Every structure is written in C-alpha cells, then in structure tokens.
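Trainee: fold the following for me, if possible:
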Amino acid sequence: MMKKFEFMAGTPKSEMIMGLCFPIGFMFPILLTYLLSFYSGMITYKIHPLFKFLVFLPAFVISYLIIKKIRKSVAKKFIVYIDKINIRVVENEKEIMAGKILFCKIKSNHDKLVKVDIGIDNRKISFISRPKEYKTITGATSFNPFGISDISDMSRLLTLGREVHELIEKQGEN
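Mentor: Next up, the predicted model:
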C-alpha cells in the first residue's frame, strides 16, 4: 500500500539562503534610505524625531516585502511516496530521489522546528519546516521571518518521519 505525503518545507540550502538574505534584505533598504535622506539634506539635527522615523517607514515596508519574496522563493512543495521500504521524493513536480530507505532521523522542537533526514543508498535528503507564525508567551501570534510552513505542513512532515522510522524498525525486526 503506497502512502503519499504532501507538505511545504525547506532544505539545508534554503535555510542557508534565508540566514544570509534576511540581514541583507532588512538592512539594505534602511541603509539606502538613511544615505539618501542624509546626503539630500532631509535629516538634520533640527528636524523633529518623529519625521526621522517616518522617513524610515518605507524602508521597513520594502524590507518586509523583500523578506516575504525570499521566503516564497525558498519554500518548496514536496510530495513523498512510500511503498513498503521504498521512497520516492518529488520536489516542485520533479523527482529528485528514489530508492530503498536506509535510515531516518527526526528532530522536533515542539512547534518551532521539525527536521527529518531520510537516507537512501548513498544519498540523504533533509526536510526542514518552521512555522510562518508562532505563538508568543502572551499567546499572541508573531511573524517568523525564517518560517516557510504552516502548522499542518509541520505535522505532516513529522508524521512522515514517524512512518519512515516505524518502517525501518519493522524491517530491522524481520
């Protein structure tokens, strides 16, 4: 019986891209706005502090849009088919891996991170899922710039990891 799992997740490469692009995407528009306003003479010592803040408001909006665009570009839609001990992984409608499952490693940090490593023959694939929004201590939701998945995607990925882990354990018993 073949099982199918669909979810949005990232890979270690997409995590690296997010980690490098986040500071650039956030600071570059702010720096550019500051330099333009400074050299154009808009910011002087006599100007009201509120105006200084309002000058940077478009930079924050542009930063948010850049980060949102980067998040969208690194998020990948995965479809994983499992048939007994065989696996087939499809990324954005293109098969990237197929073979017999050798190992599975799961790392889960409640609702902040799910990472599943699955290995076949001489290859390994890592799925990393972080929520787009997370709950703060006060119970309110907050924007997570590094998140590319929904909670449902994270639970499907965790279910995939557990299923693969159980298949490996059953295979080891036989």
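Trainee: partner strands of the lengthiest strand in the chain, with direction?
Mentor: Ranked by number of residues, the top strand in the chain under DSSP state E is strand 94-109. Partners of strand 94-109 in the sheet, by DSSP bridges, are strand 86-91 (antiparallel), strand 113-120 (antiparallel).
Trainee: list the buried residues of that strand.
Mentor: Within strand 94-109, the residues scored as buried using 16 or more other C-beta atoms under 10 Å are Met97, Ile101, Leu102, Cys104, Ile106, Ser108. For glycine as for every other residue, the C-beta is placed from the backbone atoms N, C-alpha and C.
Trainee: residue contacts, Met154?
Mentor: By C-beta atoms under 8 Å, 6 or more residues apart in numbering, the contact set of Met154 is Phe7, Asp111, Val114, Ser129, Arg130, Pro131.
Trainee: cutoff 6 Å now
Mentor: Each residue near Met154 by C-beta atoms under 6 Å, 6 or more residues apart in numbering is listed here: Val114, Ser129.
Trainee: same deal with Leu160?
Mentor: Phe5, Val80.
Trainee: circling back: out of the strands paired with strand 94-109, which is closest to Phe56?
Mentor: Smallest distance to Phe56 across these (C-beta to C-beta): 31.7 Å, for strand 113-120.
Trainee: helices and strands around the following helix or strand past that closest one, which ones?
Mentor: Sequence order places strand 123-129 as the next helix or strand after strand 113-120, per DSSP states H and E. Where contact means 3 or more C-beta pairs under 6 Å, 6 or more residues apart in numbering; DSSP states H and E, strand 123-129 is packed against strand 113-120, helix 151-173.
Trainee: for these, give me JSON lines that also has distance to Asp83.
Mentor: Below are these laid out as JSON lines (distance: least, C-beta to C-beta, whole Å):
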{"stretch": "strand 113-120", "distance to Asp83": "13"}
{"stretch": "helix 151-173", "distance to Asp83": "10"}
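Trainee: could you tell me the least trusted of those?
Mentor: With a mean of 89, helix 151-173 has the lowest mean pLDDT of the helices and strands packed on strand 123-129.
Trainee: relative to strand 86-91, how tilted is it?
Mentor: 160 degrees (axes from the mean of the first three to the mean of the last three C-alpha atoms, to 10 degrees).
Trainee: ok, Lys107 touching Asp117?
Mentor: No - using C-beta atoms under 6 Å, Lys107 is not in contact with Asp117, being 8.1 Å away.
Trainee: hang on, the earlier thing: just the helices and strands packed on strand 123-129: most buried one?
Mentor: Comparing the helices and strands packed on strand 123-129 by mean neighbour count (mean count of other C-beta atoms under 10 Å), strand 113-120 ranks first with a mean of 21.
Trainee: for the most centrally placed residue in the chain, list the residues it contacts.
Mentor: Geometric centre of the chain, nearest residue: Ile148, 3.8 Å, by C-alpha atoms, centre = their mean. Neighbouring residues of Ile148 by C-beta under 6 Å, 6+ apart: Gly10, Arg71, Ala75.
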